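> structure for the following, please:
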Amino acid sequence: MQAYVYEQPRELSETEFADYLNPATTAVVSIDMHRGHLDDSPDCPCPAPRARDLVAPLDAFHDRVRALGVRLIHVRSTLRANGEDDIRGIPAAWRRTFPLHVGPIPNADAHAIEGSRWTEWRTRVEPGDMRVDTKRRLSAFYPSDLDFLLRNQRIETVVLDGGFTDCCVLSTAFDANNHNYRVIVLRDLVRGTDDKLEAAALSMVSLHLGLVMESGELLRVWGQRPH
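Numbering: from 1, shown residues only. Predicted coordinates:
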């Protein structure tokens, strides 16, 4: 099978990585594909424009995931409407540091407020999918019940897609690894702040946290295995 190590394609033994590739003990975790990142409007509170072109490919990939019987979990950032999780408490660090790079974000205070249009999904969520709606910081594990859900489903491997590669995806990959899950990141179905940071994040994953693969290659491998 083909994976990427430090951004270079490598042929790896499926036997050696068989424990990463069992569909029966795997969940796909799709991160933050909501309007607060993906809306094409000037008041989008935390724009991730490079991820907008992922919506259709993710929907197509998730359809294949469902057809194979692999579990699918959608995770999104959600903050209490009164701001006690963030701007009226100890604000998330990105609110102060990210604008140093991108400039002021005029509507940032509206990011991820529960009940607002900014938490509406842009990718398709089907009734049989699972959801985690309490991601409050960068990692999908904190302070949500994702770990509880995965362990209750007897999941051993998490496959990550969504955005940002160098932010929430990378933070989730580290946390998943620290919780002793096997990690796969889909390089064609994540997007970073820019090409440089995306490549750096994927390189870190490949060296320290798990496998970096293309979604089509993972589907091919899954299709050859019992479910």
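> now Leu189, what's its secondary structure?
Put simply, Leu189 is strand when judged by DSSP: H, G, I helix; E, B strand; the rest coil.
> show me what contacts the residue nearest to it when sequence neighbours are not counted?
Among residues not flanking Leu189 along the chain, Asp161 sits closest, at 4.0 Å (CB to CB, 6 or more residues apart in numbering). C-beta: built from backbone N, CA, C; applies to glycine. Residues near Asp161 by CB atoms under 8 Å, 6 or more residues apart in numbering: 28-31, 54, 58, 61, 169, 185-186, 189-190, 215.
> could you say which helix or strand holds Asp161?
strand 157-163 (DSSP states H and E).
> tell me which strands and helices whichever helix or strand comes after that strand is in contact with?
Downstream of strand 157-163, the first helix or strand assigned by DSSP H and E is helix 170-178. Judged by 3 or more CB pairs under 8 Å, 6 or more residues apart in numbering; DSSP states H and E, helix 170-178 is in contact with strand 157-163, strand 182-191.
> report the buried residues of the longest helix belonging to the chain.
The residue-count maximum for a helix in the chain (DSSP state H) belongs to helix 55-68. Neighbour counts using 16 or more other CB atoms under 10 Å place 58, 61-62, 64-65 of helix 55-68 among the buried residues.
> if we can go back for a sec, format the helices and strands packed on helix 170-178 as TSV; extra columns: distance to Asp147 and mean pLDDT.
Shown next, in TSV, are the helices and strands packed on helix 170-178 (distance: least, CB to CB, whole Å; pLDDT from 0 to 100):
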stretch	distance to Asp147	mean pLDDT
strand 157-163	10	98
strand 182-191	14	98
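> which parts of the chain are helices?
So, for the chain - with DSSP H - the helices run 35-38, 55-68, 94-97, 99-102, 146-152, 170-178, 195-204, 215-223.
> how about those helices in JSON lines, adding mean pLDDT and distance to Arg124?
What follows is the helices of the chain, written out as JSON lines (pLDDT from 0 to 100; distance: least, CB to CB, whole Å):
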{"stretch": "helix 35-38", "mean pLDDT": "97", "distance to Arg124": "13"}
{"stretch": "helix 55-68", "mean pLDDT": "98", "distance to Arg124": "5"}
{"stretch": "helix 94-97", "mean pLDDT": "96", "distance to Arg124": "27"}
{"stretch": "helix 99-102", "mean pLDDT": "96", "distance to Arg124": "29"}
{"stretch": "helix 146-152", "mean pLDDT": "98", "distance to Arg124": "20"}
{"stretch": "helix 170-178", "mean pLDDT": "98", "distance to Arg124": "21"}
{"stretch": "helix 195-204", "mean pLDDT": "98", "distance to Arg124": "24"}
{"stretch": "helix 215-223", "mean pLDDT": "97", "distance to Arg124": "16"}
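> ok, back up a step: nearest to Asn177 among the buried residues of helix 55-68?
Val65 (21.6 Å; CB to CB).
> name the strands paired with the strand holding Asp161 and say parallel or antiparallel.
Using DSSP bridges, the strands paired with strand 157-163 are strand 26-31 (parallel), strand 182-191 (parallel).
> mind listing the residues bridging to the spatially most central residue of the chain?
Nearest to the geometric centre of the chain sits Ile31, at 3.2 Å (CA atoms, centre = their mean). Under the criterion DSSP bridges, Ile31 forms beta bridges with Val75, Gly162.
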